[in-house]
Every structure is written in structure tokens, then in C-alpha cells.
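Q: Requesting a structural model of the entry that follows:
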Amino acid sequence: MNLWLRLLWLVATAWRRPRLALPLGVSRLGFRVWPHDLDTSLHMNNGRYWTLMDLGRADLMLASGLWRSVLRRRWTPVVSAGQIRFRRELRPFQAFDLETRLAHWDETRFVIEHRLVIRKTGTVAAIALVQAGLYDRRRRSYVPMRTLLAAIGIAAEAQPMPAEVEAFLAAEHALRGTTASA
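A: So this is what the prediction gives:
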């Protein structure tokens, strides 16, 4: 996380944003493309998209109340895979919203969808899927999803896996096999 000011802003203003009801709630954070977000082509740097998505995932934890259990139990968020599709560029000073939602989960991992939406037109500039989980270092295992949801007072079953999530996880599984021989 290299956007400390944006992270501090996120934490300091969390109380003003509405409570997020997982598993169906959507986090929406507003941003603007600043000069330090640009690359040499004068549009938002590819890596900055990923960094801003860290803030979206942090907001999911803050707005749902999950952050209390994460801190108390010393769980560690771990991202294991990600895929992004760039659709439109984000230009200097352009306003956009980052929409983050839980797209799917299994026993211990979840898939989060991030959408960067140009505020003026509603056009999706980029969409990404990220597989992650919360790791319990004391138990040396990932925290079961039912435990995570119970920590915020929810008992929910995973919805059927959307086709795009299934394709993403299949690609991630195929890539995982290539690292063993490298």
C-alpha cells in the first residue's frame, strides 16, 4: 500500500459512509486522477489501479465492521490472484468511482470484483477480479468464510458462481500449475 494519504482519508472518513451489508453490499469510493497517478502516456498508471483496489477491499472491511475482528484476531488479508480488463483510459483530473463487491466465495477464499467507473459518463474504465482470503497466523490456515461472516453477524450461503468468476479461477488454477516447474 503506497497511498498512505488516501488510506488515512479512508479510515478517517469511514464513519461518514453508510454501513455495508455483506455479502451483497457494494462499496463506492470517489477518486480523482492526480498527477502522481500518471504514467508517461499521461493517463493513470496500470499499477495505480491495483493500489486503489487495495483501498476498496479495505473499505469492505471497514464499512461492514469486519475490521474489528481482523484486528482483534490478527488475521492477515492475503491476495492470491488477480485479473484486470482495461476498457477506457483515465485522464488527468478525471473523477471516477471505485465500486467493490464480494462476487463469490467458497470455504476459505473469496473473489472480489472491482469496477472503476468514470463519474461523468458512467462508463466502466476497468474491471478486475481478485481472489483473496484472511489468514490466521496462529492457526496457520485461512479463516473459514462462515467464521468471517459470523464475525459481522451474518449467516449466508455462497451464490452460484458467475461464469466470469469460474473462468478467472480456472485461469488462476492453470497458472498455479506452471510455477511448480519454474
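
Q: From now on I want contacts and neighbour counts done on CA atoms only, so please keep to that.
A: Fine.

Q: residues in contact with the most centrally placed residue in the chain?
A: Centre of the chain computed as the mean C-alpha position; nearest residue by Cα atoms, centre = their mean is Arg57, 3.7 Å away. Listed by Cα atoms under 8 Å, 6 or more residues apart in numbering, the contact partners of Arg57 are Thr100.

Q: Name the SS class of it, please.
A: Assigned with DSSP: H, G, I helix; E, B strand; the rest coil, Arg57 falls in the helix class.

Q: Please tell me how far it sits from Thr121.
A: Arg57 sits 24 Å away from Thr121, taking Cα to Cα, to the nearest Å as the criterion.

Q: And for Met161?
A: 29 Å.

Q: quick revisit: could you check how far the residue nearest to the centre of the chain is from Leu148?
A: Distance of Arg57 to Leu148, given as Cα to Cα: 14 Å.

Q: Give me the neighbour count for Ala103.
A: Residues lying near Ala103 (other Cα atoms under 10 Å) number 22.

Q: wait, what's in contact with it?
A: If you count contacts by Cα under 8 Å, 6+ apart, Ala103 has them with 110-113, 162, 165.

Q: Repeat that for Leu24.
A: Contacts of Leu24 (Cα under 8 Å, 6+ apart): 101-102.

Q: What subset of the contacts of Ala103 is buried?
A: Using 16 or more other Cα atoms under 10 Å as the burial test, those include 110-113, 165 as buried.

Q: Can you flag which of those residues belong to helices?
A: Val165 (DSSP state H).

Q: I'd assumed Pro92 was in contact with Trp34.
A: Yes. Trp34 is within contact range of Pro92, at 6.1 Å (criterion: Cα atoms under 8 Å).
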